[in-house]
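# give me the fold of what follows.
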Amino acid sequence: QLQLVESGGGLVQPGGSLRLSCVVSGFTLHAYAIGWFRQAPGKEREGIICISSSGETTNYADDVTGRFTISRDNAENTVWLQMNSLKPEDTAVYSCAADYYCSSRPSGFGWLGRGTQVTVSS
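The predicted structure follows:
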């Protein structure tokens, strides 16, 4: 059974950094694109960034450009989201998702993890 499990969330001060992990099981990571999404309280889930099966990355949220990066290690079945210069408005539940191609829409992915909470506050 295909599963995605996120970890690495927590409480961080503004300007700080976090590295989220998305560990996949039940399928071969190298054939899949992995996207990261976030959902803040009272808001819809939004696409942030995605990495294709070939390693090409696409940013979907302008406000994370230059601050968030995505990377993958197929041998470790893991995709990371490195988040730097965090702001209070980055507070949200962050989830990873898998499918054959990248998409900015959650509906574009067939499998979605349960998420990890990120809180940016002083």
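# who does the residue nearest in space to the middle of the chain bridge with?
Nearest to the geometric centre of the chain sits Trp36, at 2.6 Å (CA atoms, centre = their mean). Counting by DSSP bridges, Trp36 forms beta bridges with Ile49, Cys96.
# the most far-flung residue of the chain relative to its centre and Thr116, how far apart?
Each residue of the chain has a distance to the centre, and by CA atoms, centre = their mean the biggest one is for Ser122: 23.2 Å. Distance, Ser122 to Thr116, using CB to CB, to the nearest Å: 21 Å. Placement of C-beta: from N, CA and C, glycine included.
# sorry, back to before: just give the closest residue to the residue farthest from the centre of the chain, not the sequence neighbours.
Gln13 (5.4 Å; CB to CB, 6 or more residues apart in numbering).
# quick check: pLDDT value at the nearest residue to Gly35 once chain neighbours are set aside.
In this structure, Gly35 finds its nearest non-sequential neighbour in Cys50, 3.9 Å apart by CB to CB, 6+ apart. In this prediction, Cys50 carries a pLDDT score of 98.
# what is the burial count for Cys50?
Here the count is done by other CB atoms under 10 Å, and Cys50 has 26 residues near it.
# quick one: contacts for it?
Shown in contact with Cys50 (CB atoms under 8 Å, 6 or more residues apart in numbering): Ala33, Ile34, Gly35, Trp36, Thr57, Thr58, Tyr60, Ile70, Cys102, Ser103, Ser104.
# which ones among the residues you listed lie within strands?
Among those, the residues falling in strands (DSSP state E) are Ala33, Ile34, Gly35, Trp36, Thr57, Thr58, Ile70.
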